[in-house]
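A.B. asks: I would like to see how this sequence folds:
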Amino acid sequence: MPPPHRGCESVLQTKSLSALTSRRDPGRAVRHSEPSKLPVQEAGAERKRRSKRKASRKCSQEEEGAKKKRSGEAQHNQRCIGTHLTRDLENLLQTKTSKTCSKAEFKAKYEELGHLGEGGFGAVYHGYRKEDFLPVAIKHIALDQVICTPVCLNGQIVQFPLEVLLLYKVGGEPGSHGQNAAVTLLDHYELDQELILVMERPAPCMDLFDYVKESGGSLQEHEAKILLRQLVEAMLEIHGKGVSHGDIKFENLLVETGSRAPRLRLIDFGCGSFLEEGLCTRFFGTADYTPPEWYARGCHSAATTTVWQLGVLLYGALTGYFPFSSTMGTLFKRPVIKGELSQYCQNFLRSCLAKNPKSRPTLASLLLHPWLR
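C.D. replies: Down below sits the predicted model:
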């Protein structure tokens with residue numbers, strides 16, 4: 001499979017995050033289940049070829065990656081699903097088993113309003129629950145794009161949408177909205193042609209991309225520190241529940257802005273999975289956040305990849321740029337870190353963006369880093 005699409009190196013070197021509005025693609029991840037093999041001597045020509053690909057070519061690659069993802073992910077979760085279901089989750093699933101229903105039933109409970117964004121495999125709208133006017137986000141996913149995994153309920157094996165399962169696991173029960181790092185899944189509906197997910201929508205809020213953009217294209221170090229500490233704590237929380245998000249990026253983080261201090265919330269578990277022991281041979285995240293070990297060896301671990309993605313995100317929030325703009329840069333270049341940042345912050349960034357995954361700190365040790373204390 002071809003390497004994930006990236007912009008030419010000069011594009012990201014000359015455009016800051018606040019100027020990349022045209023590149024913004026909320027939730028659209030490059031889902032590839034085989035490693036990119038790019039010889040050094042072919043890198044320059046390959047970058048030029050990638051920059052000339054047409055939009056239709058990109059779409060076909062995403063569809064091909066989606067098919068591989070559905071096959072590989074279903075096989076993996078069939079092996080491990082039984083070890084991840086707690087009694088509380090099993091009881092919840094028994095009351096929330098997906099069933100075919102009419103669009104009228106969905107519309108009787110929720111009012112769908114304007115369009116919020118377009119993801120790689122679905123569209124998201126805002127709306128509210130009619131009984132109490134609770135703000136909600138409503139995600140529509142075509143059924144042929146839904147990844148399902150076998151779950152044992154009441155002694156029977158049933159196919160259950162993986163994203164639904166992960167959201168119930170990390171977001172708590174529908175009545176617990178606002179209490180967890182991840183947004184809560186309130187309802188899901190399986191219709192004839194699509195799966196509908198209804199999630200809490202914190203209000204007022206904006207995603208981290210817009211938050212950074214409204215801050216002038218980058219954050220001050222003290223602002224970034226507040227958000228990064230929350231994000232590290234959030235990742236520890238969901239990893240503690242046996243789930244890997246897999247696609248930490250600006251567009252998948254909401255910032256609640258209704259209080260004195262901003263609060264981060266995690267959304268979009270479409271690239272998520274259950275945590276695996278050892279190395280993973282599948283990666284479904286976004287190209288700009290792909291760790292170097294994936295390109296070098298075709299495998300990675302969820303824990304060290306999460307730390308890498310935190311480093312990429314922090315670098316972008318502080319500078320307005322991605323640290324690397326090509327596969328070769330990810331593999332071999334050192335990130336250029338601004339000298340005006342504190343020494344603790346520079347050390348934090350370098351440790352997260354270490355090329356060797358064994359040299360990266362754990363999430364728990366990051367929380368104890370002097371920069372976050």
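
A.B. asks: residues contacting residue 302?
C.D. replies: Applying CB atoms under 8 Å, 6 or more residues apart in numbering to residue 302 gives the contacts 239, 244, 246, 273, 275, 276, 280. C-betas here are computed from N, CA, C, even on glycine.

A.B. asks: now the two most distant members of these.
C.D. replies: Maximum pairwise distance among these (CB to CB): 13.8 Å, between 239 and 280.

A.B. asks: so for the contacts of residue 302, which is the shakiest by pLDDT?
C.D. replies: Comparing pLDDT over those, the lowest score belongs to residue 276 (82).

A.B. asks: any weak-confidence spans in the chain?
C.D. replies: Low-confidence segments of the chain, defined by pLDDT under 70: 1-101, 119-120, 174.

A.B. asks: can you map out the strands along it?
C.D. replies: 110-118, 122-129, 134-142, 148-153, 156-161, 185-190, 194-200, 205-207, 243-244, 253-256, 263-266, 273-274 (DSSP state E).

A.B. asks: most surrounded residue in the contacts of residue 302?
C.D. replies: Counting neighbours by other CB atoms under 10 Å, residue 246 comes out on top of the contacts of residue 302 with 26 neighbours.

A.B. asks: for residue 157, give me its contacts.
C.D. replies: Counting by CB under 8 Å, 6+ apart, residue 157 has contacts 150, 151.

A.B. asks: bridging residues for it?
C.D. replies: residue 152 (DSSP bridges).

A.B. asks: look up how far residue 149 lies from it.
C.D. replies: 10 Å (CB to CB, to the nearest Å).

A.B. asks: next one: residue 351
C.D. replies: Here the criterion is CB to CB. By it, residue 351 lies 34 Å from residue 149.

A.B. asks: tell me which of those two has more neighbours.
C.D. replies: Set residue 351 next to residue 149 and count neighbours by other CB under 10 Å: residue 149 wins out with 24 against 17.

A.B. asks: I'd say that one and residue 160 touch.
C.D. replies: Yes - between residue 149 and residue 160 there is a contact at 6.0 Å, judged by CB atoms under 8 Å.

A.B. asks: can you give me the helices in the stretch 151-300 of the chain?
C.D. replies: Using DSSP state H, counting those that start in this stretch, the helices of the stretch 151-300 of the chain run over residues 162-171, 208-214, 221-240, 292-297.

A.B. asks: and the first one, what does it pack against?
C.D. replies: Looking back up the chat, that one is helix 162-171. If you count contacts as 3 or more CB pairs under 8 Å, 6 or more residues apart in numbering; DSSP states H and E, helix 162-171 packs onto helix 87-95, strand 148-153, strand 185-190, strand 194-200, strand 243-244, strand 273-274.

A.B. asks: then the third one to PDB, C-alphas only?
C.D. replies: Coordinates of the C-alpha atoms in strand 185-190 are reproduced here as PDB (Å, rounded to 0.1, in the frame of the first residue of the first chain):
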ATOM      1  CA  LEU A 185     -22.300   8.200  24.300                       C
ATOM      2  CA  LEU A 186     -26.000   8.700  25.100                       C
ATOM      3  CA  ASP A 187     -27.700   6.500  22.400                       C
ATOM      4  CA  HIS A 188     -27.000   4.600  19.300                       C
ATOM      5  CA  TYR A 189     -29.300   3.600  16.500                       C
ATOM      6  CA  GLU A 190     -28.700   1.100  13.700                       C
END
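
A.B. asks: buried ones in it?
C.D. replies: Within strand 185-190, the residues that count as buried by 16 or more other CB atoms under 10 Å are 185, 186, 187, 188, 189, 190.

A.B. asks: farthest-apart pair in those, please.
C.D. replies: Longest span within the buried residues of strand 185-190, CB to CB: 186 and 190, 15.2 Å.

A.B. asks: how much space separates residue 276 from residue 211?
C.D. replies: From residue 276 to residue 211 the distance is 32 Å (CB to CB).

A.B. asks: repeat that for residue 129.
C.D. replies: Residue 129 is 26 Å from residue 211, where distance means CB to CB.

A.B. asks: these two: which has the busier surroundings?
C.D. replies: Per other CB under 10 Å, whichever of residue 129 and residue 211 has more neighbours is residue 211, with 21 against 16.

A.B. asks: residue nearest the middle of the protein, spatially speaking?
C.D. replies: For the chain, the residue sitting closest to the mean C-alpha position, by CA atoms, centre = their mean, is residue 247 at 2.7 Å.

A.B. asks: end to end, how far does stretch 136-151 reach?
C.D. replies: The first residue of stretch 136-151 is 27 Å away from its last residue (CA to CA, to the nearest Å).
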